[in-house]
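Asker: Just need the structure, nothing else, for what follows:
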Amino acid sequence: MTKYLKTAAAVGALAFAATQASAVPISGTINFGNIGIVALTGGATFTTATGLDFTPDCTRRTPSSIVTSGDGSFAVVVPIATTASFKDFNFGGGNLNEWTLSSGQFAFDLTTSAKSGTTTDTFLNVSGTGFVKSSIAGLDTTPGFFSLTASRSFPGQLTFSFQASTSTIPPDDNRVPDGGATAVLLGLGVLGLTVAKRRA
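Answerer: Below you'll find the model as predicted:
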């Protein structure tokens, strides 16, 4: 009986390991362009607003944007034909399913968000982090990076268009420079090889 239990446990562990090994992280970037409109909440300008209100387009459909392009894992999404619904959110916060594709293939949970220092009264730049998830078998939920920009002709304009993207690749400004440590290590490696060659 004990031998049977051990065998069953081993088989179960192997099956679990195989399942885990077959799943891969989501990769790439997906881009959106709006078909609805977006409005500010909590303030009349980009600099004073505290959040965004995504409004359906003029036909009152629920999607607020379309997919304009995608690569990596997102290459399976059909551009233009696939729409996405965005949820209202406050800067500094987030939402489960901040955006969801009409195809059901991908969605994004926004966990943090903030306005960038480049935001002005006529240009809005929002970035955030969260998790990309997929209904496609074999794709693991993966950390992702959210970006949204919008512009308007004058500070008092109440509604405006936006562009957004989500990527599993960290933006350049989030990458920490190594302060030259890589170059130092490379130099030491070359020096070590030179010394070893002379001794030989």
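Asker: looking at this, Phe74 is in a strand?
Answerer: No: per DSSP: H, G, I helix; E, B strand; the rest coil, Phe74 lies outside any strand segment and is helix.
Asker: how near is it to Thr159?
Answerer: According to Cβ to Cβ, to the nearest Å, Phe74 and Thr159 sit 28 Å apart. Backbone N, C-alpha and C define where each C-beta goes, glycine included.
Asker: Neighbour count: the two, which is higher?
Answerer: Phe74 (24 against 12; other Cβ atoms under 10 Å).
Asker: got the contact list for that one?
Answerer: When contacts are counted by Cβ atoms under 8 Å, 6 or more residues apart in numbering, Phe74 touches Ile26, Gly28, Thr29, Ile30, Phe106.
Asker: The nearest residue to the third one once chain neighbours are set aside bridge partners, please.
Answerer: Once its chain neighbours are removed from consideration, Thr29 has its nearest residue in Ser167; the separation is 3.9 Å (Cβ to Cβ, 6 or more residues apart in numbering). Applying DSSP bridges to Ser167 yields these beta-bridge partners: Thr29, Phe145.
Asker: For Ser167, give its distance to Gly36.
Answerer: For Ser167 relative to Gly36 (Cβ to Cβ), the value is 23 Å.
Asker: Who has more neighbours out of these two?
Answerer: Neighbours per residue (other Cβ under 10 Å) separate Ser167 from Gly36, with Gly36 holding more: 22 against 19.
Asker: Sketch out the low-pLDDT regions of the protein for me.
Answerer: Along the chain, the parts satisfying pLDDT under 70 run over 1-22, 56-62, 155-158, 173-200.
Asker: isn't Lys87 right next to Asn97, touching?
Answerer: Yes: in this structure Lys87 lies within contact range of Asn97 using Cβ atoms under 8 Å: 6.7 Å.
Asker: So which of those two has more stuff around it?
Answerer: Lys87 (16 against 13).
Asker: Quick one: residues contacting that one.
Answerer: If you count contacts by Cβ under 8 Å, 6+ apart, Lys87 has them with Phe54, Asn95, Asn97, Glu98, Trp99.
Asker: Good, we can wrap up now.
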